[in-house]
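Novice: Only the shape, not the letters, is given here:
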């Protein structure tokens, strides 16, 4: 593959469902499937695992829809004129500014463009044609040595 033609994707940084019923999702993923998810954040309804605790995924999390909406739009409600995402998928990239420019040049409608998050991640978010909440990001702590 010609990496020069792409956006410099290094690896899948994270994946997970976007939830609307935190307790039902917790029951399925933690109790039924036995995934090693730990509560994170103010309400504890963002459940995550990272650092290889779940083989094949550097960061897996149940992301409440209200938090995804807050991240993209600064409010708890997802806009009714956009498809409601069922899952999120993030790709770590070599350079977020270049990847963001590449997405814009390819006509992607960005929800968030090269934003620095309070936890240190730089991220650009957009919706895929399938309705996934996609992101390209620089997530230094997932890169390892």
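Specialist: Nice, I can see it. From a predicted model like this one, the values you see are computed outputs, not experimental measurements. Residues are numbered from 1 along each chain as shown.
Novice: Helices along this structure, start to end?
Specialist: 22-26, 65-73, 96-105, 140-143 (DSSP state H).
Novice: Adding mean pLDDT and distance to residue 120, write those helices out as TSV.
Specialist: (Glycine included, C-beta is placed from N, CA and C.) Output for these, formatted as TSV (pLDDT from 0 to 100; distance: least, Cβ to Cβ, whole Å):
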stretch	mean pLDDT	distance to residue 120
helix 22-26	92	25
helix 65-73	95	15
helix 96-105	96	12
helix 140-143	84	7
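Novice: just so I know, which of those lies nearest residue 45?
Specialist: Nearest of the helices of the chain to residue 45, taken as Cβ to Cβ: helix 22-26 at 4.1 Å.
Novice: Touching that closest one from outside, list them.
Specialist: For helix 22-26, the external contacting residues (Cβ atoms under 8 Å, 6 or more residues apart in numbering) are 17, 19, 37, 45, 47, 62, 64.
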